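Asker: Just the structure for this:
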Amino acid sequence: MSHKIVNDPQKPIVIAKFTEPFNAVEDSDAVAAHLNKFLAKHPGIVHYIADMSKINIDFSQLIIGMAAAYKTPNSPYSNPRLKIYSIANDELIILGTQASAEQEQYGKVDVRLYPDQEAALAEINAYLAQEG
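Answerer: Next up, the predicted model:
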């Protein structure tokens, strides 16, 4: 597994940074378990940044990873309290991000794409400031 998960100690924000060698199922399952625990402890909206800017995937990894993320029972990725922010450079990851928002089989989850963590955090912080 090649990921690092960081929780913001002051805000309902989880950041997972993925690196090579990436395993679509193992990494997704590990992050999902972490997100489920975080969601159980934090009422309200939870913001999740998936930083995939350092990985490249092939088509089969894309399909396997999306199936693992969205079709698994009790998947946090389908939880309406989880807001997902993706950071990616790989064209297939970008395609998968767009597909998750448009395809019924992937839950039509609202996943937003950003060029870097700073842009995603700026939007999250603006949202949190509005919520007061």
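Asker: Secondary structure element holding A50?
Answerer: Per DSSP states H and E: A50 is located in strand 46-51.
Asker: same thing with P9?
Answerer: Applying DSSP H and E, one finds P9 in no helix or strand.
Asker: before we move on, the earlier item: mind listing the strands the strand holding A50 pairs with, and their directions?
Answerer: strand 13-18 (parallel), strand 82-87 (parallel) (DSSP bridges).
Asker: Which SSE is immediately downstream of that strand?
Answerer: helix 59-71.
Asker: Next, count neighbours for the residue nearest to D29 when sequence neighbours are not counted.
Answerer: Closest residue in space to D29, ignoring its immediate chain neighbours: A68 at 6.4 Å, by C-beta to C-beta, 6 or more residues apart in numbering. From N, CA and C alone the C-beta is placed, and that goes for glycine too. Applying other C-beta atoms under 10 Å, we find 18 other residues in the vicinity of A68.
Asker: Repeat that for the one 4 residues further on.
Answerer: T72 has 15 neighbours, counted by other C-beta under 10 Å.
Asker: what sits up against stretch 76-85?
Answerer: Under the contact criterion C-beta atoms under 8 Å, 6 or more residues apart in numbering, stretch 76-85 has outside partners 32, 35-36, 39, 44-50, 69-70, 107, 109-112, 114, 120, 123-124, 127.
Asker: hmm, I was thinking of stretch 23-33
Answerer: Identification of contacts with stretch 23-33 by C-beta under 8 Å, 6+ apart yields 1-3, 5, 16, 18, 50, 57, 61-62, 64-65, 68-69, 72, 75-77.
Asker: Out of the helices and strands in the protein, which is least certain?
Answerer: helix 91-102 (a mean of 72; mean pLDDT, DSSP states H and E).
Asker: No more questions from me, cheers.
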